[in-house]
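**Student:** Sequence below, structure please.
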Amino acid sequence: MPTLRTLEALEREGLVEADPRLAKAARSMPIAITPELAALIDRTDLAHDPIARQFVPDIRETDIGAEELADPIGDEARSPVKGIVHRYPDRVLLKPMHVCPVYCRFCFRREKVGPGGEALDAAELAAALAYIRAHAEIWEVILTGGDPLMLAPRRLGELIKALDTIPHVAVIRVHSRVPVADPERVTNDLVTALKPRHASLWIGVHCNHARELAPPARLALARLADAGFPLLSQTVLLAGINDDVATLCELMRALVSARVKPYYLHHPDLVRGTGHFRISIKRGQALMKALRGRLSGLAQPTYVLDVPGGHGKVPVGPAYLGDDPGALLVEDAFGRRHRYPD
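**Tutor:** Numbering: from 1, shown residues only. Purely as a prediction, here's the structure:
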């Protein structure tokens, strides 16, 4: 089965029913569901299926809230040259392309991604690399997009090599859905292309539900881990998909067992047409507090909010210190409070 890219294809697979209201939602961003992920969808419970809800268009995407933004994390305001976002002093994003193996309906770059999205041409990529060379404070380059692992291994290898020749770039990080969504792309050629000679390379894997870590995905992750790449996860906290303690515990343990360190649990961004995915920060904090008493430290992500307008990520997890003039009042992992003489 090929990647599903149209409403008609979704109808043929029994993933949506014919509904003219879906056409507007489908036009708001591209559709792509790989065979690997389509095979994991429970057709008997589509309304609650955690895979379908992430990738199948929903008529609620046409409801645009007044607080929602086309560029919710302010990429444009922090982009000195095309393809670069320089938000923090010591690191930049480099976006070589905007194509992904799948398109998440909650994507904070949903206005940019897709087969027709702009990729950097040779001159634009050269200008982006020149910017990085000219700024000695840049210690880390994060390849994102789009999904950089959609590049052909030859092109990916050339990009890694170019970054690796910049003396002050010590770390290259690659953010990708490919190991989970299109694991057959993780070939020996791709692994070889990813290996710099000097810099260290880390891979951030986007995964939102334990069911995504099917045997092919685990094999792809093992291939990357066996090649020596440290693996981190990024998860978005999504209403009706993973916003309960049991689901988050299962996901974080599954990631650690696949040699992926849980890194960020993202509060969903204020993306246009995605209000049905969002929960309150207060609820997110309660979930994080529940995880603290149940999960190994290895499996604890950091709950973060990307401040709208390009102001960066901040941790928004629960607090454990109370106000007491005589001594700190500390809440433990099980909700009990203790005095601590600071």
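**Student:** from here on, contacts and neighbour counts on C-alpha atoms
**Tutor:** Will do.
**Student:** From the contact counts, what lies against the helix or strand where residue 283 lies?
**Tutor:** Assigned by DSSP states H and E, residue 283 belongs to helix 281-292. The contact analysis (3 or more Cα pairs under 8 Å, 6 or more residues apart in numbering; DSSP states H and E) places helix 281-292 against helix 245-257, strand 302-306.
**Student:** now the angle between helix 245-257 and the following helix or strand past the first one, please.
**Tutor:** Following the chain from helix 245-257 toward its C-terminal end, the next helix or strand by DSSP H and E is strand 261-266. Between the axes of strand 261-266 and helix 245-257, defined by axes from the mean of the first three to the mean of the last three Cα atoms, to 10 degrees, the angle is 140 degrees.
**Student:** chain center to strand 261-266: distance?
**Tutor:** Chain-centre distance of strand 261-266: 9 Å, with Cα atoms, centre = their mean, to the nearest Å.
**Student:** Can you spell out which helices and strands pack onto that strand?
**Tutor:** Using 3+ Cα pairs under 8 Å, 6+ apart as the contact test, the elements touching strand 261-266 are strand 231-236, helix 245-257, strand 302-306.
**Student:** where does the chain dip in pLDDT?
**Tutor:** By pLDDT under 70, the weakly predicted segments of the chain are 116-118, 323-327.
**Student:** can you give me the helices for it?
**Tutor:** Assigned by DSSP state H, the chain shows helices spanning 7-12, 20-27, 35-38, 52-55, 122-134, 153-164, 178-181, 188-193, 215-226, 245-257, 281-292.
**Student:** any idea how far residue 213 is from residue 225?
**Tutor:** 15 Å (Cα to Cα, to the nearest Å).
**Student:** With neighbour numbers in mind, choose between the two.
**Tutor:** Taking other Cα atoms under 10 Å, residue 225 and residue 213 do not tie; residue 213 has more neighbours (23 against 16).
**Student:** For residue 111, see how far away residue 68 is.
**Tutor:** Distance from residue 68 to residue 111, counting by Cα to Cα: 12 Å.
**Student:** still on that earlier bit, ok, which of the helices of the chain comes nearest residue 269?
**Tutor:** Among the helices of the chain, the nearest to residue 269 by Cα to Cα is helix 281-292 (11.4 Å).
**Student:** now the closest one against strand 261-266, angle please.
**Tutor:** Orientation check (the same axes, to 10 degrees): helix 281-292 against strand 261-266 gives 160 degrees.
**Student:** how about residue 69, what does it touch?
**Tutor:** By Cα atoms under 8 Å, 6 or more residues apart in numbering, residue 69 lies in contact with 270-272.
**Student:** ok, the residues you listed vs residue 318, which is closest?
**Tutor:** residue 270 (21.1 Å).
**Student:** count of neighbours near the closest residue to the closest one other than its chain neighbours?
**Tutor:** Excluding the flanking residues, the one nearest residue 270 by Cα to Cα, 6 or more residues apart in numbering is residue 68, at 4.8 Å. The number of residues packed near residue 68 is 16, by other Cα under 10 Å.
**Student:** ok, back up a step: could the helices and strands packed on helix 281-292 go into TSV alongside mean neighbour count and distance to residue 144?
**Tutor:** Output for these, formatted as TSV (neighbours: other Cα atoms under 10 Å; distance: least, Cα to Cα, whole Å):
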stretch	mean neighbour count	distance to residue 144
helix 245-257	19	21
strand 302-306	20	16
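**Student:** now the ones you listed as JSON lines including distance to residue 172?
**Tutor:** Below are these laid out as JSON lines (distance: least, Cα to Cα, whole Å):
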{"stretch": "helix 245-257", "distance to residue 172": "22"}
{"stretch": "strand 302-306", "distance to residue 172": "21"}
